[in-house]
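S.K.: mind looking at a prediction? Sequence and model below.
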Amino acid sequence: MRRKRNKEDIIAGILDAIDNKINTIWSIMSNVNLNVLSAKKYLDYLTEKRIIEEKDGEYILTDKGRRVLELLKEKEKIETELVLLLDEIVALMR
């Protein structure tokens with residue numbers, strides 16, 4: 001069973017979409033599976049925090065946004081490695 005996405009997951013999805021030139025509100029909504037109210041809320045928040053900028057109806061990552069995306073990807077990689085290691089430990093204990 002899949003876990004429910006949290007705020008961090010959604011932000012990572014939005015930043016990744018923007019980094020991949022999926023950068024209009026409608027394309028972000030579709031790619032990240034958000035409704036218009038949620039998309040607007042997150043995009044406003046990320047703009048306010050200067051993680052993204054809006055220019056002519058398209059969103060772009062700021063330098064800060066690129067760093068945030070990089071850190072979120074690294075965190076995801078570390079979490080995945082940790083889960084695999086814990087699974088190995090559990091298997092060894094059986």
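M.R.: Nice, I can see it.

S.K.: for this protein, give me the ranges with low pLDDT.
M.R.: Applying pLDDT under 70 to the chain flags the ranges 1-2.

S.K.: so how far is the longest helix anywhere in it from its chain's centroid?
M.R.: Ranked by number of residues, the top helix in the chain under DSSP state H is helix 63-93. In terms of Cα atoms, centre = their mean, to the nearest Å, the centre of helix 63-93 is found 14 Å from the chain centre.

S.K.: in terms of secondary structure, what does that helix contact?
M.R.: For helix 63-93, the packing partners by 3 or more Cβ pairs under 8 Å, 6 or more residues apart in numbering; DSSP states H and E come out as helix 7-19. Where you see a C-beta, it was placed from the backbone N, CA and C, and this is true even at glycine.

S.K.: ok, and what's touching the helix it packs on?
M.R.: Residues from elsewhere that reach helix 7-19 (Cβ atoms under 8 Å, 6 or more residues apart in numbering): 5, 23, 27-28, 31-32, 34, 38, 42-43, 46, 51-52, 59-61, 65-66, 68-69, 72-73, 76.

S.K.: quick one: buried ones out of those?
M.R.: Among the contacts of helix 7-19, those scoring as buried are 23, 27-28, 31-32, 34, 42-43, 46, 51-52, 59, 61, 65, 68-69, 72 (criterion: 16 or more other Cβ atoms under 10 Å).
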